[in-house]
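S.K.: one predicted model, sequence on top.
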Amino acid sequence: MKCKICKEKFIQQFSTMQKTCLKPECITQNYRANKAIYHKELQSKEKKILREEKITLQEKVVNYEAKTQTKIQEIARLIDKGLNCLARNIPMKQVHGGHVYSQGGHGNFKKNLHNIHRQSAHSNHFQNDDRLMHEGVVREYGQEYLDFIKSLRQTPIIKLSNIEWIEKYKIACLISNRLKKKDENYSLNSRILLRNEVNLEIGIYDKLYCEFINF
């Protein structure tokens with residue numbers, strides 16, 4: 001066996017784990033080298049723990065349900081890319097993800113993409129434009145689709161932990177990035193199908209409340 005430090009041959013006397021000869025300088029140097037490796041590994045583990053604790057703390061502070069809501073509204077805008085405001089049927093400078101049935105009174109399905117469509121920022125600021133959103137849905141998709149959206153008011157209230165919302169947010173981000181990469185203008189039927197598919201993929205609501213199939 002060759003000494004790890006001086007490279008001279010020696011006979012292991014204590015165990016097969018013995019890496020150096022018995023010269024004091026070799027034993028000391030090997031000890032210092034092992035100690036340095038140990039401290040380096042320890043520091044690496046400590047940094048990892050601190051990083052994980054920091055992420056955990058951030059997750060506790062950030063409202064990921066709200067972030068998920070914002071990301072889903074972004075997805076709605078991407079699905080409706082290139083179209084006029086649904087409420088006022090005019091071109092838009094600033095596009096919002098507007099709700100057919102307002103968030104305030106219908107929190108149980110405010111993240112359902114069938115209830116979220118493109119709306120100009122100006123129109124979205126006026127509550128009386130909710131009626132115009134209803135009319136826009138009928139004009140573009142038909143009365144049956146508006147009736148379906150209206151039926152979503154029966155959606156059970158969703159209660160998820162912040163950790164569960166983090167997972168929903170991550171899924172929504174992946175979908176948003178995918179749509180941005182495609183950068184397409186979608187047909188009427190494709191917009192409904194995409195809303196069906198994305199609702200199911202994010203998985204906030206039961207299938208019954210995710211899909212409109214009568215078109």
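M.R.: Sure, I can see it. Numbering: from 1, shown residues only.
S.K.: distance check, the most centrally placed residue in the chain against residue 63.
M.R.: For the chain, the residue nearest the mean C-alpha position is residue 170 (1.9 Å; C-alpha atoms, centre = their mean). As judged by C-beta to C-beta, to the nearest Å, residue 170 and residue 63 stand 15 Å apart. For the C-beta atoms, the positions are set from N, CA and C on the backbone; glycine is no exception.
S.K.: give me the element the residue nearest to the centre of the chain is part of.
M.R.: In this structure, residue 170 is located in helix 162-182 according to DSSP states H and E.
S.K.: what are the buried residues along that helix?
M.R.: Applying a neighbour-count criterion of 16 or more other C-beta atoms under 10 Å, one finds 165, 166, 168, 169, 171, 172, 175, 176, 179 buried in helix 162-182.
S.K.: downstream of the least confident helix or strand in the chain by mean pLDDT, the next helix or strand is which one?
M.R.: Least confident helix or strand, the chain: helix 24-61 with a mean of 65, by mean pLDDT, DSSP states H and E. The C-terminal neighbour of helix 24-61 among helices and strands, as given by DSSP H and E, is helix 64-79.
S.K.: what are the buried residues along that next one?
M.R.: The neighbour-count check on helix 64-79 (16+ other C-beta under 10 Å) flags 64-65, 67-69, 71-79 as buried.
S.K.: can you put those in JSON lines and add pLDDT and distance to residue 126?
M.R.: Listed next are the buried residues of helix 64-79 as JSON lines, based on pLDDT from 0 to 100; distance: C-beta to C-beta, whole Å:
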{"residue": "64", "pLDDT": "93", "distance to residue 126": "29"}
{"residue": "65", "pLDDT": "95", "distance to residue 126": "26"}
{"residue": "67", "pLDDT": "96", "distance to residue 126": "26"}
{"residue": "68", "pLDDT": "97", "distance to residue 126": "26"}
{"residue": "69", "pLDDT": "97", "distance to residue 126": "20"}
{"residue": "71", "pLDDT": "98", "distance to residue 126": "25"}
{"residue": "72", "pLDDT": "98", "distance to residue 126": "22"}
{"residue": "73", "pLDDT": "98", "distance to residue 126": "18"}
{"residue": "74", "pLDDT": "98", "distance to residue 126": "22"}
{"residue": "75", "pLDDT": "98", "distance to residue 126": "24"}
{"residue": "76", "pLDDT": "98", "distance to residue 126": "19"}
{"residue": "77", "pLDDT": "98", "distance to residue 126": "19"}
{"residue": "78", "pLDDT": "98", "distance to residue 126": "24"}
{"residue": "79", "pLDDT": "98", "distance to residue 126": "23"}
